[in-house]
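*Asks:* for reference, the sequence and a predicted model appear below.
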Amino acid sequence: MRKLLLSAAALAVAATASAADTVRLGTEGAYPPWNFINDAGDIDGFEKDLGDELCRRAELECTWVTNDWDSIIPNLVSGNYDAIIAGMSITDERDQVIDFTQNYTPPDPSAYLALSDGVDLEGGVIAAQASTIQAGYVADSGATLVEFATPEETIAAVRNGEADAVLADKSYLAPLAEEDPDLMFVGPDVPLGGGVGMGIRESDPELRETFNAAIQSMKDDGSLNELIRKWEVSSTF
């Protein structure tokens, strides 16, 4: 049965493959374990492994491009690359500007990280990376939002007292909490977004469906869950 599922998925991928010979994948390269630059100076992480496998299944030649988070959607729209694969949660607001594939991880809980458990999460100063669903949530929560261009800066803001806590994906914060005994999770987890998917230009429906078929084939044969467990980025499907 598994072989039959794989064969059907492969046919679906081939039938919907994009006419483009090379697809440029845009990522941030600054959000481990999702995507980061390793010691050799190469793009690494869950999404690097995932993107390479999706391109292999779709029989696409792919190259990688790094881009700052705050301009990652505008640069997709302007044609600097063909798809975003950068830990981007699917939201209605973003979907008005670009299209998304189906999600390749379930919704990942967000969490607060602070230096003490007495932080006022509703009325305090909360750091978040700019243009993220966490920043939008904090802005609507009644707390004072301070935004930063990179995730590293949000953690630094907590450590230097500029912010009482940071709100980010729990999968990003968990290794930091394990490494630094002064940092701790506070308050309840916050469920946000509709999972993480690839961002595609609205003018490229064939490319979206090509990646949809490849993602589905990885869900069907269990390899996507294996990759999620390897990198510990989310719960599994």
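*Replies:* Right, received. Where do you want to start? Being a predicted model, the structure only gives us computed values, none of them experimental.
*Asks:* ok, and the closest non-adjacent residue to the spatially most central residue of the chain?
*Replies:* In the chain, the C-alpha nearest the mean C-alpha coordinate belongs to Gly87, at 0.6 Å (C-alpha atoms, centre = their mean). Take Gly87 and drop its neighbours on the chain: the residue closest to it by C-beta to C-beta, 6 or more residues apart in numbering is Trp34, 3.9 Å away. The way it works is simple: take the backbone N, C-alpha and C, and place the C-beta from them, glycine included.
*Asks:* so what's that neighbour up against?
*Replies:* Neighbour list for Trp34: Gly45, Phe46, Glu47, Ala86, Gly87, Asp169, Ser171, Tyr172, Trp231, Val233 [criterion: C-beta atoms under 8 Å, 6 or more residues apart in numbering].
*Asks:* same check on Leu50?
*Replies:* Contacts of Leu50 (C-beta under 8 Å, 6+ apart): Ile85, Tyr104, Met218, Leu224, Leu227.
*Asks:* and the last one, how many neighbours does it have?
*Replies:* If I follow you right, that is Leu227. 19 (other C-beta atoms under 10 Å).
*Asks:* same check, this time on the first one
*Replies:* Residue neighbour count, defined by other C-beta under 10 Å, stands at 27 for Ile85.
*Asks:* list the residues that contact it.
*Replies:* Leu25, Gly26, Thr27, Asn35, Glu47, Leu50, Gly51, Met198, Gly199.
*Asks:* which of these sits closest to Thr66?
*Replies:* Distance to Thr66, by C-beta to C-beta, is smallest for Thr27 among the contacts of Ile85, at 6.1 Å.
*Asks:* quick one: that closest one and Trp34, what's the gap?
*Replies:* Distance, Thr27 to Trp34, by C-beta to C-beta, to the nearest Å: 8 Å.
*Asks:* overlap in contacts, those two.
*Replies:* Common neighbours of Thr27 and Trp34 (C-beta under 8 Å, 6+ apart) are Glu47, Ala86.
*Asks:* just to check, Ala130 is in contact with Asp68?
*Replies:* No - judged on C-beta atoms under 8 Å, Ala130 makes no contact with Asp68 at a distance of 9.9 Å.
*Asks:* so which bits of stretch 33-40 are buried?
*Replies:* Under the neighbour-count criterion of 16 or more other C-beta atoms under 10 Å, stretch 33-40 has Pro33, Trp34, Asn35, Phe36 buried.
*Asks:* can you tell me which of those is nearest Glu59?
*Replies:* For these, the nearest to Glu59 is Asn35 (23.3 Å; C-beta to C-beta).
*Asks:* check contacts around the closest one.
*Replies:* Thr27, Glu28, Gly29, Ile43, Asp44, Gly45, Phe46, Glu47, Lys48, Ile85, Ala86, Gly87.
*Asks:* mind listing what's buried in the helix ranked longest in the chain?
*Replies:* Longest helix in the chain by number of residues, with DSSP state H as the criterion: helix 205-221. For helix 205-221, burial by neighbour count (16+ other C-beta under 10 Å) applies to 207-220.
*Asks:* also stretch 179-187?
*Replies:* For stretch 179-187, by 16+ other C-beta under 10 Å, it's Leu183, Phe185, Val186, Gly187.
*Asks:* excluding its backbone neighbours, what's nearest the first one?
*Replies:* In space, not counting the residues next to it along the chain, Leu183 is nearest to Ala177; the distance is 5.0 Å by C-beta to C-beta, 6+ apart.
*Asks:* and Val166, helix, strand or coil?
*Replies:* Here Val166 is recorded as strand under DSSP: H, G, I helix; E, B strand; the rest coil.
*Asks:* that one: neighbour count?
*Replies:* 29.
*Asks:* quick one: contacts for it?
*Replies:* Contacts of Val166 by C-beta under 8 Å, 6+ apart are Tyr112, Leu113, Ala114, Ile126, Ala127, Ala128, Thr154, Ile155, Ala157, Val158, Leu173.
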